[in-house]
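got a predicted structure plus its sequence, pasted below:
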Protein chains: 2
Amino acid sequence: MKLSRSAQDYLKVIYRLSNRYGRATTSQLANWLEVKPATVTGMLQKMARAAPPLITYQKHRGATLTTNGEKAALQIIRRHRLLELFLHEKLDYTWDEVHEEAERLEHVISEKMSQRIAIVLGDPCRDPHGDPIPDPDLQLALLTEFPLGDLQPGQQAIIRRVRDEDAELLRYADSLGLRPLTRLTAVAHTPIAQTITIQLADTAEPITIGQYTANQVFVDLEPNQ
Amino acid sequence: MKLSRSAQDYLKVIYRLSNRYGRATTSQLANWLEVKPATVTGMLQKMARAAPPLITYQKHRGATLTTNGEKAALQIIRRHRLLELFLHEKLDYTWDEVHEEAERLEHVISEKMSQRIAIVLGDPCRDPHGDPIPDPDLQLALLTEFPLGDLQPGQQAIIRRVRDEDAELLRYADSLGLRPLTRLTAVAHTPIAQTITIQLADTAEPITIGQYTANQVFVDLEPNQ
DNA sequence: ATTTTATTTTAGGTATGCCTAAATTATATA
DNA sequence: TATATAATTTAGGCATACCTAAAATAAAAT
Ligand SMILES: [Mn+2]
Ligand SMILES: [Mn+2]
Ligand SMILES: [Mn+2]
Ligand SMILES: [Mn+2]
C-alpha cells in the first residue's frame, strides 16, 4: 500500500473537506489541489478502485475516506505537522515558512525519521499554528476552541490556533501578537465596521482586528479571574 | 533549470564515474542507478539535448558533465552530505543509516533548508563518513588521503574517510573503531592472507583486517612523533 | 581481417499524473 | 416542467521514467 505523493495529497484534502462538509466534491478538490476537475475525477476513480480502497466514491456525489484512507491521511497529517514544528524549533523557520517545506518533505521522510523528530521535539501535541498533531496511534485530540470572533465583550480567552492556509495572514497575526498561548480579553464588537477590539494580556493598548482575521484565530475560554 | 529527481541522480553518478574514469559509460550508469542500459541511453540523450546541456554525450562513448551539469551535481552532493551529517548529529542516525534517508531528501529540500542545516551544523567540511562537503560556492577541498592498505609497517596515520557505499562495511568498520579521526599505526602486512595488521591509538590489542576493508578506509599520514 | 562477443541504441510499450475539449449529468431558474 | 447553467465525467493527448526485445555498433579473439 505505497501511496504516490499525489494520492497522499488527495487524501489530506479529502480528510479536511469531508470533516467540514461530510464529503469532498470534485471541484472542491480541484480547487485545493490546484488541478483541473477532470484530473480529480481520474484520481478519485483510481483511489476508489485501489486494493484496499482508499475512498468511497460515487459519480457526481464526491468522495469520503475509507478506514484505510483515513489512517493514511492521518499519518501524512502527523508527518506534516511534526515537520512544521521541527522546522520552526530546530531550523529557525518562521511559522509562515514551515508549511511549504513540510508539504514536500511529508511525502519523503521515513517512519523512522518521523519518530526521531517526535522524540527530539518531546512528543508534541500541536504544530506551530496550534493545529493538533495526531499521536503515534493516529488519534487526534478533541478540540474545544472556537473563533475569536465569537467572543463576547468581557470574556477572557487563550489563543489555541491560527489558520495556516494563508502565509500573509500568519505574518500579520504574528505582528499583532496573535499566537498560540497568547491571552486576551474581548473589549468590544463594532458590527458596522465588522471589527472586534481585544486587549492582549501582555500589551498596553487594545487592538482592533477585522472579521476575517477574527475568524482565522481560534481560542478557548479562560475563566475570568 | 529544474531537474527531475532522476536527472539529479544521474548527475551524481556521472560526476563520480567521470572523476574516477574520465567518463561514465552506459552500462556503468545502469549498474549504479539500478536501471536497464536502454533507460540510461534515453536519459543521456535527453540530458545532452537539454537547454543548457547538462552533459556531453557521444553514442557508444559515454558521458561527461558540462559546467552546468557539474555545478548541479555538486549542489546535490552538498545537500546529500549536509543531510547525512544532520541526520547523524541531530536525529541520532548511525552512519550506516544516513545514506538511504539522505538519498530521498536531497531532491526535496529547499536551498533555504540546506542553508539552515549548514548553519546549525557550523558549516561542516565532512559528512559522517568523512566525505568532503562542497562549500557554499560548491568548491571541494583537495583531498590528500589514500587507502589504509597502502600504509607501510611503522607508519602512523589518521583515518579521514570510510567508503559509504556498503552499509554492512560501515557497521563492521564502526565495530572495529575504524572511524574518521581515529589514529593508528600500521604493524604488518601479510600478503599471503591479504591482510594488514594495525594498532589503533586508543585500543590495547592490534587488529587484523582484510584487503577489502583496508581499501575502503582512507588515511592521512601523521608524522611519527 | 574476420568472426564472435559484449555493449549500446532503437523501437515499441506500460504506468502515473497532468492537460484540453467535448459530452453528460445534476441543479437552479423560469 | 422545460430550459439554462453549473458541475462532472469521458475521450484523447502529453511528459517522465521506466521496461523488453531486436537491431546496430564497438571491442575482443581468432
Ligand atoms: Mn501546514
Ligand atoms: Mn504534500
Ligand atoms: Mn551517502
Ligand atoms: Mn538520490
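Arrived safely, thanks for sending. Ligands and ions are numbered 1, 2, ... in the order given.

count the residues that sit near the nearest residue to A:Gln152 once chain neighbours are set aside.
Leaving out its chain neighbours, the residue that sits closest to A:Gln152 by CB to CB, 6 or more residues apart in numbering or on different chains is A:Ala186, at 6.3 Å. Where you see a C-beta, it was placed from the backbone N, CA and C, and this is true even at glycine. The number of residues packed near A:Ala186 is 22, by other CB atoms under 10 Å in any protein chain shown.

how much space between A:Ala186 and chain B?
38 Å (CB to the nearest CB, to the nearest Å).

same thing with A:Leu200?
Distance from A:Leu200 to chain B, by CB to the nearest CB: 30 Å.

that residue is in contact with A:Arg183, isn't it?
Yes. Using CB atoms under 8 Å, A:Leu200 is in contact with A:Arg183, at 7.4 Å.

those two: which is more packed in?
In this view A:Leu200 and A:Arg183 are compared by other CB under 10 Å, and A:Leu200 has more residues nearby, 18 against 14.

residues touching the more buried one, list them.
The neighbours of A:Leu200, taking CB atoms under 8 Å, 6 or more residues apart in numbering or on different chains as the test, are A:Leu176, A:Gly177, A:Leu178, A:Thr182, A:Arg183, A:Leu184, A:Pro206, A:Ile207.

those residues in helices, which ones?
Those of the contacts of A:Leu200 mapping onto helices are A:Leu176, per DSSP state H.

and the strand or helix carrying A:Ala63, does that touch DNA strand C?
Using DSSP states H and E, A:Ala63 sits within strand A:62-65. No. In terms of CB under 7 Å from any atom of the strand, no part of strand A:62-65 sits within range of DNA strand C; the closest distance is 9.8 Å.

for A:Lys71, give its distance to DNA strand D.
24 Å (CB to the nearest atom of the strand, to the nearest Å).

my guess is that residue contacts A:Gln139, does it?
No. Taking CB under 8 Å as the definition, A:Lys71 is not a contact partner of A:Gln139, at 11.1 Å.

more neighbours: the two, which one.
A:Lys71 (15 against 10).

then the helix or strand harbouring the more buried one to CSV, C-alphas only?
Element membership for A:Lys71 (DSSP H and E) is helix A:67-90. C-alpha atoms of helix A:67-90 as CSV (Å, rounded to 0.1, in the frame of the first residue of the first chain):
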residue,chain,number,x,y,z
THR,A,67,-10.9,3.4,7.2
ASN,A,68,-7.7,2.7,5.3
GLY,A,69,-7.8,6.1,3.6
GLU,A,70,-8.4,7.9,6.9
LYS,A,71,-5.5,6.1,8.5
ALA,A,72,-3.2,7.1,5.6
ALA,A,73,-4.4,10.7,5.8
LEU,A,74,-3.8,10.9,9.5
GLN,A,75,-0.3,9.6,9.0
ILE,A,76,0.6,12.2,6.5
ILE,A,77,-1.0,14.9,8.6
ARG,A,78,1.1,13.7,11.6
ARG,A,79,4.2,13.9,9.5
HIS,A,80,3.3,17.3,8.1
ARG,A,81,2.7,18.9,11.5
LEU,A,82,5.7,17.2,13.1
LEU,A,83,7.8,18.6,10.3
GLU,A,84,6.4,22.1,10.6
LEU,A,85,7.2,22.1,14.3
PHE,A,86,10.7,20.7,13.7
LEU,A,87,11.5,23.3,11.1
HIS,A,88,10.3,26.0,13.4
GLU,A,89,12.0,24.7,16.6
LYS,A,90,15.2,23.3,15.2
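
ok and that helix relative to helix B:67-90, angle-wise?
90 degrees (axes from the mean of the first three to the mean of the last three CA atoms, to 10 degrees).

and helix A:67-90, anywhere near chain B?
Yes. For helix A:67-90, a contact with chain B is found by CB under 8 Å from any CB of the partner chain, at A:Leu87, A:Lys90.

what helices or strands is that helix leaning on?
helix A:5-21, helix A:98-105, helix A:111-120 (3 or more CB pairs under 8 Å, 6 or more residues apart in numbering or on different chains; DSSP states H and E).

which other residues reach the second one?
I take that to be helix A:98-105. A:79-81, A:83-85, A:87-88, A:93, A:127-128, A:164, A:167, B:105, B:108-110, B:112-113.

the same query, at a cut-off of 6 Å, please.
Defining contact as CB atoms under 6 Å, 6 or more residues apart in numbering or on different chains, one finds that helix A:98-105 is touched by A:His80, A:Leu83, A:Glu84, A:Leu87, A:His88, A:Pro128, A:Asp164, B:Val108, B:Ser110, B:Met113.

from ligand 3, how far out is the residue nearest the centre of chain A?
For chain A, the residue sitting closest to the mean C-alpha position, by CA atoms, centre = their mean, is A:Asp131 at 5.2 Å. Distance, A:Asp131 to ligand 3, by CB to the ion, to the nearest Å: 34 Å.

tell me the pLDDT of that residue.
A:Asp131 carries a pLDDT value of 97.

what do you get for A:Pro223?
With respect to pLDDT, A:Pro223 scores 87.

with adjacent residues omitted, what lies nearest to it?
Using CB to CB, 6+ apart, the nearest residue to A:Pro223 is A:Gln156, at 7.4 Å.

quick check, the one you found in contact with A:Val187.
No. Using CB atoms under 6 Å, A:Gln156 makes no contact with A:Val187, being 11.1 Å away.

could you measure from the residue in chain A positioned nearest to DNA strand C over to B:Lys2?
Residue of chain A nearest DNA strand C, by CB to the nearest atom of the strand: A:Ser4 (2.5 Å). Distance from A:Ser4 to B:Lys2, counting by CB to CB, to the nearest Å: 19 Å.

please apply the same query to A:Ile207.
Counting by CB to CB, the gap from A:Ile207 to B:Lys2 is 42 Å.
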